[in-house]
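[1] Model the structure of this input:
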Amino acid sequence: MAERLVNLVGALAFGLTDRVGHEAERAPGRPGRPMNSVAVRSRLPLLALVAATACWGSVVVTVKIAARGLGVVALTTIELTASALVLATMVATSSVARRRLPPRPSAAVLFAAVLEPGVTYLLINAGIALTSGTHSAVLIGLESAVVVLMSAVVTRCMPPRAVLLGLAVAVLGAALLTEGAGGRASLIGDLLVLAGILTAAGYVVVASGLAGRMDALHLTGYQFVVGWLVTTPLFLVVLSRDGVGPGHPDAVSVAAAIATGVVGSVVAFLLYNWALASVSPALAGTSLTLIPVFGLAMSSPSSGTGSPCARWSRLSRSWRAWSSPDERRPA
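    Below you'll find the predicted structure:
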């Protein structure tokens, strides 16, 4: 199983980065710089997208673990607090090192922060706690289609047929992945996750316009510090009324909530926001189809549902169709 995982993740990373890499290899190089170094640098934003989706895929597992001892509001509060503290420390350290204050946030930055993490985290965490990890991973992966469609509406530009075809194959692959999978799923949980990915897709579209004007660290820092300031007072009121949850909080559940914040928020969004400055919203959205890959790979062993090898086989066939040369023509 480990060998299958390594091989498939390698194929996914290559398939996603191959498009930009080939373009860079054909582009004229700068004097004194080898051509392959240009290609490597051009692949870095795509590799950052792959790494970010791996971090988001891991959230399916850490949220399920944290939900065993924490309610949705307590889990989200710990997650956002950990994220905001880490990012605030990083921004402060960077400002001291540069001897320069961070730029003032615009209204668009504040709006993006309310969308995600503000609304998105509460909806997705509530949904994951109520439905199965398999359903959560697949529904979160459908965010890519929503991002591409929202971007088309905002820019009034129809996505290339190659992108639409790739998304269609990804959706079909997601359906195949859930075939025969067990676990406790619920319609309410699925709908909450779906609502969460709608607001998350809105964040991607808004942040795509900001990434070229702001440093990734500052954008991510404002995103989570403002999101924490907006949502935490409401969460504290709910916690004082309802408590931390139906279970008994322990060190494992709290550690899982903190890990969700550090890995699924800090690391993932630093990578993703940095990449947004170099790729189109459509490509950034399409990369989100990788979330089910990592989510299912990580949730299947822990849940013990379905046949992981069979799902890997179906997923591999779906990905090969998505990443074929004909469907990866430059937009």
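[2] Can you tell me the closest non-neighbouring residue to Leu115?
    Once flanking residues are discounted, Leu115 sits nearest to Tyr203: 4.3 Å by CB to CB, 6 or more residues apart in numbering. Backbone N, C-alpha and C define where each C-beta goes, glycine included.
[3] list the contacts for that neighbour?
    Listed by CB atoms under 8 Å, 6 or more residues apart in numbering, the contact partners of Tyr203 are 112, 115-116, 120.
[4] Please report how far it lies from Leu172.
    26 Å (CB to CB, to the nearest Å).
[5] which of the contacts of Tyr203 has the most neighbours?
    Ala112 (28 neighbours; other CB atoms under 10 Å).
[6] Now do stretch 143-162: distance to the chain's middle.
    18 Å (CA atoms, centre = their mean, to the nearest Å).
[7] in that stretch, what counts as buried?
    Within stretch 143-162, the residues that count as buried by 16 or more other CB atoms under 10 Å are 143-152, 159, 162.
[8] same thing with stretch 223-241?
    223-228, 230-232, 235, 239.
[9] Mind listing residues that contact that stretch?
    Here stretch 223-241 makes contact (CB under 8 Å, 6+ apart) with 73-74, 76-77, 80-81, 83-84, 87-88, 91, 105, 109-110, 112-114, 116-118, 121-122, 207, 265-266, 269, 273.
[10] okay, that stretch in PDB with CA atoms only?
    Output in PDB follows, covering the C-alpha atoms of stretch 223-241 (Å, rounded to 0.1, in the frame of the first residue of the first chain):
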ATOM      1  CA  GLN A 223      -6.800  36.000   6.600                       C
ATOM      2  CA  PHE A 224      -6.500  34.000   9.800                       C
ATOM      3  CA  VAL A 225      -6.000  36.800  12.400                       C
ATOM      4  CA  VAL A 226      -9.100  38.700  11.000                       C
ATOM      5  CA  GLY A 227     -11.000  35.500  10.700                       C
ATOM      6  CA  TRP A 228     -10.200  34.700  14.300                       C
ATOM      7  CA  LEU A 229     -11.200  38.100  15.500                       C
ATOM      8  CA  VAL A 230     -14.500  37.900  13.600                       C
ATOM      9  CA  THR A 231     -15.600  34.400  14.600                       C
ATOM     10  CA  THR A 232     -14.100  33.700  18.100                       C
ATOM     11  CA  PRO A 233     -16.400  36.100  20.100                       C
ATOM     12  CA  LEU A 234     -19.400  34.300  18.700                       C
ATOM     13  CA  PHE A 235     -17.800  30.900  19.300                       C
ATOM     14  CA  LEU A 236     -17.000  31.800  22.900                       C
ATOM     15  CA  VAL A 237     -20.600  32.800  23.500                       C
ATOM     16  CA  VAL A 238     -21.800  29.400  22.200                       C
ATOM     17  CA  LEU A 239     -19.100  27.600  24.200                       C
ATOM     18  CA  SER A 240     -20.200  29.300  27.400                       C
ATOM     19  CA  ARG A 241     -23.800  28.200  26.800                       C
END
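[11] For this structure, which residues score under the pLDDT cut-off?
    Applying pLDDT under 70 to the chain picks out residues 1-41, 141, 166, 170-171, 173-183, 244-247, 300-331.
[12] in it, which helix has the most residues?
    The single longest helix within the chain, with elements called by DSSP state H, is helix 35-66.
[13] quick one: it to chain centroid distance?
    For helix 35-66, the distance to the chain centre is 9 Å (CA atoms, centre = their mean).
[14] try stretch 268-276
    So, by CA atoms, centre = their mean, the centroid of stretch 268-276 is 9 Å from its chain's centroid.
[15] before we move on, back to that, how about JSON lines for the buried residues of stretch 143-162, with distance to Leu191 and secondary structure added?
    Listed next are the buried residues of stretch 143-162 as JSON lines, based on distance: CB to CB, whole Å; DSSP: H, G, I helix; E, B strand; the rest coil:
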{"residue": "Glu143", "distance to Leu191": "15", "secondary structure": "helix"}
{"residue": "Ser144", "distance to Leu191": "19", "secondary structure": "helix"}
{"residue": "Ala145", "distance to Leu191": "17", "secondary structure": "helix"}
{"residue": "Val146", "distance to Leu191": "14", "secondary structure": "helix"}
{"residue": "Val147", "distance to Leu191": "19", "secondary structure": "helix"}
{"residue": "Val148", "distance to Leu191": "21", "secondary structure": "helix"}
{"residue": "Leu149", "distance to Leu191": "19", "secondary structure": "helix"}
{"residue": "Met150", "distance to Leu191": "19", "secondary structure": "helix"}
{"residue": "Ser151", "distance to Leu191": "24", "secondary structure": "helix"}
{"residue": "Ala152", "distance to Leu191": "24", "secondary structure": "helix"}
{"residue": "Pro159", "distance to Leu191": "26", "secondary structure": "coil"}
{"residue": "Ala162", "distance to Leu191": "31", "secondary structure": "helix"}
